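**Q** this one's structure only:
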């Protein structure tokens, strides 16, 4: 495709005969259900009601000892459990939601709307005016708080917790007849609920819940499995929807072998997961929808799948563990020191199996499981292993990981297929964590992608400084606003986005992004990329970005527009993370935290910095005020330089000539260097002896490994 004509999405009207047949079968099944022809609930033929899982059911004394060594985690679990006893639920980014007493399982308390109790195929769950935010309703009905109550009981022996579990299960079964209502409308939600119920029964152990209730739950799990199998998202959402549903079939087949379809579910779930692994996880380990949150989701899915398949006759294709390890390695590079990850693209807000509270975007427990399951301690975070990991790894695995030597990934890493370029430098509160997104816009319809071509995220220590704005919600005007280019750390033209959104879940034309430069060393990194996203507005327009990091000097950005943008005025934008104080002054902007400088943004020419009110969403449903730093540059045809300095030393950047060549004089404290760019690459010249010793003069071009 010629550069300047932004790439169109492939048509979804070109459907195969198998897709037509599959969709028709699902429609016919739904029609039969509406006519009253539904599967009958059955109990396992072997009479076993306790799930058979390859996860250890630990003695209470072991669990209590481990959690007592993690008092903050223990208090958080018990605090959440006590809130549930009182009817308060922490869901997604919302704290203390109340759904009435008894719980109204069809209510969205945020909007006050209630979904109708129609057959699931007739519920317009994406219509906010009808049901409110379906994600809030679904998150409640995943019932992932039940395993938390079970853990609280294991830690305290307080019978209020299993009593509350019994009441919530009984209430759900009464209010959600098979096939009726919003809570049967998404097979993924049915799948997650299946896993949560299975884990609740596992953690409680046999005989804790009344037998008649346990029989009803297990019989309903049989219906859950049939529903998931019949209405797989093979064509509707062949992403984490499909793999999550397949994982539920694997869980149910392994946990309840006495259910008649158990063997079929086991094999079908595994086959789908193995077929989808090379589709959804690229060879470099990145997730194909270009979302860091869904990267974590996918790693969770496959770690659980590997555990469930162990000890069975299921055949593991060659390279499976290596591909899962690659995905976990990407997540490890994304993770900051505290286990949180920078948000790229959409964040779903949900998790596979939350066994207790965790920070928004925190994946420390996932990495601990990866380290244990893949026998690679370096995949885990340094420091204490989360107590919640105990239920997945067992005591021996947990203690082995706790005592293992673990290293942080260091230096620079390029994930070529996903276009994620990372730098980790320094340790502790001084660690610099940088990620540049120069990858494809996202697979399928691009549903979970943002218009963030050549954007980057920057953290110091574990604190986000310049961040993606997050997702906020999946409906209304905020859906588009939080995904727009103008709120990402990149260059915009005329306030327009570099990709064209066609609706809530679909993009039209999107950028073709290309990496032209990547050279790294112990004390430097050079990146160059370009995209043609604005070619849909003005044919031939191409945006270029160079990013050059020198240890002790900071990060130099050079943005350039190739072609005549006409009235589309260029602006370089920086989205500050929430919680920082942002002040503009002349040719620089200062970001501080508690009066301590965190970042200085310096222009290569005076003025034209301004601040705009903005918002950030650190987890689905949340919104915090923050600032958008906007630099209006007039023209960018010859390049616009911006310096990002995390040092307390004074830093300056000026356009200048050295030896007759035009470029940028870059000064940090007493160190000074000269940078110039051309179409071939970037040239660096140290101007002070200290820099000459550390990084001698050189030219950078091309892409290394």
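**A** That came through, no problem. Quick caveat, the model's predicted, so the values are computed rather than measured.
**Q** buried residues in stretch 471-487, which are they?
**A** The neighbour-count criterion (16 or more other C-beta atoms under 10 Å) identifies 471-475, 479, 482-487 as the buried residues of stretch 471-487. C-betas here are computed from N, CA, C, even on glycine.
**Q** oops, could you answer that again for stretch 281-296 instead?
**A** 281-282, 284-296.
**Q** over to stretch 502-517?
**A** Neighbour-count burial for stretch 502-517, counted by 16+ other C-beta under 10 Å, picks out 507-513, 515-517.
**Q** how far is that stretch from where the chain is centred?
**A** The chain centroid and the centroid of stretch 502-517 are separated by 19 Å, computed with C-alpha atoms, centre = their mean, to the nearest Å.
**Q** and the end-to-end length of that stretch?
**A** Taking C-alpha to C-alpha, to the nearest Å, the first and last residues of stretch 502-517 lie 32 Å apart.
**Q** quick check: the gap between residue 383 and residue 366.
**A** Applying C-beta to C-beta, to the nearest Å, the value for residue 383 to residue 366 is 15 Å.
**Q** of the two, who's got more company?
**A** Using other C-beta atoms under 10 Å as the criterion, residue 383 and residue 366 rank with residue 366 on top: 30 against 12.
**Q** shaky segments in this structure?
**A** 1-14, 606-607, 705 (pLDDT under 70).
**Q** 50 instead?
**A** Residue ranges of the chain with pLDDT under 50: 1-5, 10-13.
**Q** now do the strands in the stretch 451-600 of the chain.
**A** 455-460, 463-466, 491-493, 501-503, 506-507, 513-521, 524-531, 542-550, 554-562, 570-575, 581-585, 588-593, 596-603 (DSSP state E, counting those that start in this stretch).
**Q** out of the ones you listed, which is closest to residue 272?
**A** Residue 272 lies closest, by C-beta to C-beta, to one member of the strands of the stretch 451-600 of the chain: strand 506-507, at 24.2 Å.
**Q** before we move on, back to that, distance to residue 145 added to the buried residues of stretch 471-487, as a markdown table?
**A** A markdown table is the format used below for those (distance: C-beta to C-beta, whole Å):
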| residue | distance to residue 145 |
| --- | --- |
| 471 | 22 |
| 472 | 23 |
| 473 | 21 |
| 474 | 22 |
| 475 | 24 |
| 479 | 27 |
| 482 | 27 |
| 483 | 30 |
| 484 | 34 |
| 485 | 37 |
| 486 | 37 |
| 487 | 33 |
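**Q** in the sheet, who's paired with residue 591?
**A** residue 582, residue 599 (DSSP bridges).
**Q** who's in contact with it?
**A** Applying C-beta atoms under 8 Å, 6 or more residues apart in numbering to residue 591 gives the contacts 465, 576, 580-582, 597-601.
**Q** at 7 Å instead, please
**A** Contacts of residue 591 were listed using C-beta atoms under 7 Å, 6 or more residues apart in numbering, and they are 465, 576, 580, 582, 598-599.
**Q** which one of the residues you listed sits closest to residue 450?
**A** For those, the residue nearest residue 450 by C-beta to C-beta is residue 576; the value is 17.1 Å.
**Q** and that closest one, what does it touch?
**A** Residue 576 sits next to 466, 582, 591, 626-627, 629 when contact means C-beta under 7 Å, 6+ apart.
**Q** with distance to residue 644 as extra columns, can I get those in TSV?
**A** TSV is the format used below for the contacts of residue 576 (distance: C-beta to C-beta, whole Å):
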residue	distance to residue 644
466	8
582	14
591	10
626	17
627	15
629	11
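**Q** just these now: which is nearest residue 183?
**A** residue 626 (35.2 Å).
**Q** was I right to think the closest one contacts residue 617?
**A** No: in this structure, residue 626 is not within contact of residue 617 by C-beta atoms under 7 Å, at 10.2 Å.
**Q** who's more crowded, these two?
**A** residue 617 (23 against 19).
**Q** who's in contact with stretch 425-439?
**A** Here stretch 425-439 has contacts from 290, 336-337, 342, 344, 418-424, 452, 454-461, 513, 515, 527, 529, 547, 551, 646, using C-beta under 7 Å, 6+ apart.
**Q** hang on, I meant stretch 264-279
**A** With C-beta under 7 Å, 6+ apart, stretch 264-279 has contacts from 225, 229, 242-243, 246-247, 249-250, 252-254, 288, 302, 305, 309, 312, 314, 317, 320, 323.
**Q** now do 6 Å
**A** Here stretch 264-279 makes contact (C-beta atoms under 6 Å, 6 or more residues apart in numbering) with 225, 243, 246, 249-250, 252-253, 305, 314, 317, 323.
**Q** repeat that for stretch 244-257.
**A** 44, 51-53, 187-188, 191, 194-195, 198, 225, 228, 232, 262, 265-266, 268-270, 272-273, 301, 305, 308.
**Q** show me which of these are buried.
**A** 44, 51, 53, 187-188, 191, 194-195, 198, 225, 228, 232, 262, 265-266, 268-270, 272-273, 301, 305, 308.
**Q** just checking, residue 133 touches residue 112?
**A** No: at 10.8 Å, residue 133 and residue 112 do not qualify as touching, with contact defined as C-beta atoms under 6 Å.
**Q** what about the two, which has more around it?
**A** More crowded of residue 133 and residue 112, by other C-beta under 10 Å: residue 133, with 23 against 8.
**Q** quickly note the distance from the more buried one to residue 118.
**A** Counting by C-beta to C-beta - residue 133 and residue 118 are separated by 18 Å.
**Q** mind listing what's buried in whichever helix or strand residue 631 is part of?
**A** Assigning secondary structure by DSSP states H and E places residue 631 in strand 624-632. Of all the residues in strand 624-632, those buried under the rule 16+ other C-beta under 10 Å are 626-631.
**Q** just those residues now: which is nearest residue 180?
**A** residue 626 (42.7 Å).
**Q** what sits against the closest one?
**A** Residue 626 neighbours (C-beta under 6 Å, 6+ apart): 576, 578, 614, 616.
**Q** 8 Å instead?
**A** By C-beta under 8 Å, 6+ apart, residue 626 lies in contact with 575-580, 582, 614-616.
**Q** now do residue 677
**A** 546, 558, 560, 639, 663, 683.
**Q** pretty sure it sits in a helix.
**A** No: looking at residue 677 with DSSP: H, G, I helix; E, B strand; the rest coil, it is strand, so not inside a helix.
**Q** from the contacts of stretch 425-439, list the buried ones, please.
**A** 290, 336-337, 342, 344, 418-424, 452, 454-461, 513, 515, 527, 529, 547, 646.
**Q** what about the spatially most central residue of the chain, which SS state?
**A** For the chain, the residue nearest the mean C-alpha position is residue 293 (0.6 Å; C-alpha atoms, centre = their mean). Taking three-state DSSP as the rule, one finds residue 293 in the helix state.
**Q** pretty sure it contacts residue 342?
**A** No: with contacts counted by C-beta atoms under 8 Å, residue 293 stays clear of residue 342, the gap being 10.1 Å.
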